[in-house]
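Q: here is a sequence with its predicted model. Questions after.
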Amino acid sequence: MTTSAHAYGAPTSAADPLAAITIERRDVGPLDVRIDIQFCGVCHSDIHFTRGEWGPQQYPAVPGHEIVGVVAEVGAEVTRHAVGDRVGVGCMVNSCRDCDNCKAGEEQYCTNGSTLTYGSIDRDGTNTLGGYSSSVVVVEDFVVKVPDGLELDVAAPLLCAGITTYSPLRHWGAGPGKKVAIVGLGGLGHMAVKLAHAMGAEVTVLSQSLSKQEEGMRMGASAYYATSDADTFKTLKNSFDLIINTVSAKIDLNAFLGLLTLNGTLVSVGAPAEPLPVGVFTLFGNRRSFAGSSIGGIRETQEMLDFCAEHGIAPEIELIEASQLNDAWERVLRSDVRFRFVVDSSTLSA
Ligand code: NAP
Ligand code: ZN
């Protein structure tokens, strides 16, 4: 038994533009909650995934993993959420809960593979469909609470862009006395700047040009450089303790690794399809590290939301209707977004 929902997705193939479709959501099980989705952020991953850049997908494909809304129905055994609660769902909707990583609260590294919000095989064998939709049914443990201090529309991008940058900043100790560089000032990048600044780090933005400098400085950066200027890499050599690369395309990582100081780490959260070659001799110099990081666990996602509410941090968004999604994607691909598109889910049925 299922319930129909309005959605936007690629109906039959990776080459399709997004179109209005009707999808089915499972009925609420004992531990499930049904969420009436109010807003969903537009992540660059939505584009990589739907267009098959990360490998073949099943269609229809419905992207969207920055979901916020209101609980509409709860299962008989649900204890964490109640009808009317303001809640969010990020990139995962389930995991095994039994492996060491899940038990440590790092469900995104579930050794049996976490169930992603879209493009995964769910427990019932169906293909998961994401948040460009009017409702979703999710097991209660993978639903987080949106604190009162955050409006729902601006809270949406925190569910991916927020946690994906918060987690490595925390893990690698961004804070007072640490020099942190953020590469790329898009959806993830602008959250990384705000979060690293709020954690007390000294923040530098490394963007393709200086066109967003004013905004970057307002968000908390104390310096801003264009990577199109070769002098940037000379001026900033051996400067940073931590670099977070949020770029969605292939870049010359070795040039950025050269900006790390002794024992510094470059963490890539950007996920281009192509491999990113790293020269070992660049790592040898200054005993540098190169790392990756994937979203964050459920407990840490709640911690990040509470941190944002406490520090008055919110993503900067452009609210759009569903019919504008295809144009919005083209603008994301041109790095022409300030700084995250968010879909108003009430426009999905139009
Ligand atoms: P986005 O809004 O498009 O931001 C990416 C930024 O990268 C752009 O704003 C641009 O910044 C820079 N950029 C784009 N193309 C570039 C190029 N050819 N050369 C140099 N810089 C370029 O994307 P997003 O939503 O923040 O996502 C960023 C990446 O993170 C995507 O690959 C996404 O799939 C990935 N991601 C990973 C995780 C994870 O768990 N690891 C989670 C979410 C997203 P400037 O204009 O400032 O140069
Ligand atoms: Zn995302």
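A: Arrived safely, thanks for sending. These figures come from a predicted structure and were not determined experimentally. Numbering: from 1, shown residues only. Ligands and ions are numbered 1, 2, ... in the order given.
Q: helices or strands up against the host helix or strand of His190?
A: For His190, the host element (DSSP states H and E) is helix 187-198. For helix 187-198, the elements it packs on are helix 161-171, strand 179-183, strand 202-207, helix 213-218, strand 240-245, helix 298-311, judged by 3 or more C-beta pairs under 8 Å, 6 or more residues apart in numbering; DSSP states H and E. No exception for glycine: its C-beta is placed from N, CA and C like everyone else's.
Q: I'd like the average pLDDT over the first one.
A: Right, the one you point to is helix 161-171. Averaging pLDDT along helix 161-171 yields 98.
Q: buried stuff in it?
A: Neighbour-count burial for helix 161-171 flags 161-170 (criterion: 16 or more other C-beta atoms under 10 Å).
Q: same for ligand 1: which of the residues you listed are within range?
A: Residues of the buried residues of helix 161-171 in contact with ligand 1 (C-beta under 6 Å from any ligand atom): 161, 164.
Q: do stretch 234-250 and ligand 1 meet at all?
A: Yes: legend: contact between stretch 234-250 and ligand 1 by C-beta under 6 Å from any ligand atom is shown at 246-249.
Q: residue numbers of this protein in contact with ligand 2?
A: By C-beta under 5 Å from the ion, the residues of the chain that approach ligand 2 are 43, 45, 160.
Q: make CSV from those residues and add neighbour count to it.
A: Putting these into CSV (neighbours: other C-beta atoms under 10 Å) gives the following:
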residue, neighbour count
Cys43, 29
Ser45, 26
Cys160, 30
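Q: Val74: which of these is nearest?
A: Val74 has its nearest neighbour among the residues of the chain next to ligand 2 in Cys160, at 24.4 Å by C-beta to C-beta.
Q: now the closest residue to ligand 1 within the chain: how far from Leu158?
A: Per C-beta to the nearest ligand atom, Gly186 is where the chain lies closest to ligand 1, at 1.9 Å. Distance, Gly186 to Leu158, using C-beta to C-beta, to the nearest Å: 15 Å.
Q: so between these two, which is more surrounded?
A: Set side by side, Gly186 and Leu158 show more neighbours around Leu158, with 32 against 24, by other C-beta atoms under 10 Å.
Q: can you get me the start-to-end distance on stretch 90-107?
A: The straight-line separation of the ends of stretch 90-107 (C-alpha to C-alpha, to the nearest Å) is 12 Å.
Q: hmm, it in reach of ligand 1?
A: No: contact between stretch 90-107 and ligand 1 is absent, the nearest approach being 6.8 Å (criterion: C-beta under 6 Å from any ligand atom).
Q: likewise for stretch 321-336?
A: Yes: against ligand 1, stretch 321-336 shows contacts by C-beta under 6 Å from any ligand atom at 332, 335.
Q: for the stretch 51-200 of the chain, which residues are neighbours of ligand 1?
A: Residues of the stretch 51-200 of the chain lying near ligand 1 (C-beta under 6 Å from any ligand atom): 160-161, 164, 184-189.
Q: list the contacts of the residue lying closest to Gly64 once chain neighbours are set aside.
A: Excluding its sequence neighbours, the residue lying closest to Gly64 (C-beta to C-beta, 6 or more residues apart in numbering) is Gly131, at 3.2 Å. By C-beta atoms under 8 Å, 6 or more residues apart in numbering, the contact list for Gly131 reads 37, 40, 62-67, 89, 117-118.
Q: run the chain-centre distance for stretch 265-276.
A: Between the centre of stretch 265-276 and the centre of its chain there are 14 Å (C-alpha atoms, centre = their mean, to the nearest Å).
Q: again with stretch 96-114
A: Counting by C-alpha atoms, centre = their mean, stretch 96-114 is centred 19 Å from the centre of its parent chain.
Q: other residues contacting that stretch?
A: By C-beta under 8 Å, 6+ apart, stretch 96-114 touches 91-92, 94-95, 120, 141-142, 294-300.
Q: same question, stretch 327-345
A: The contact list for stretch 327-345, computed with C-beta under 8 Å, 6+ apart, reads 8, 18, 37-42, 44, 46-47, 64, 66, 69, 132-134, 153-154, 156-157, 161, 185-187, 189-190, 208, 212, 215, 315-322, 325.
Q: of the helices and strands packed on helix 187-198, which is nearest Asp231?
A: Closest to Asp231 of the helices and strands packed on helix 187-198 is strand 202-207 (C-beta to C-beta; 12.7 Å).
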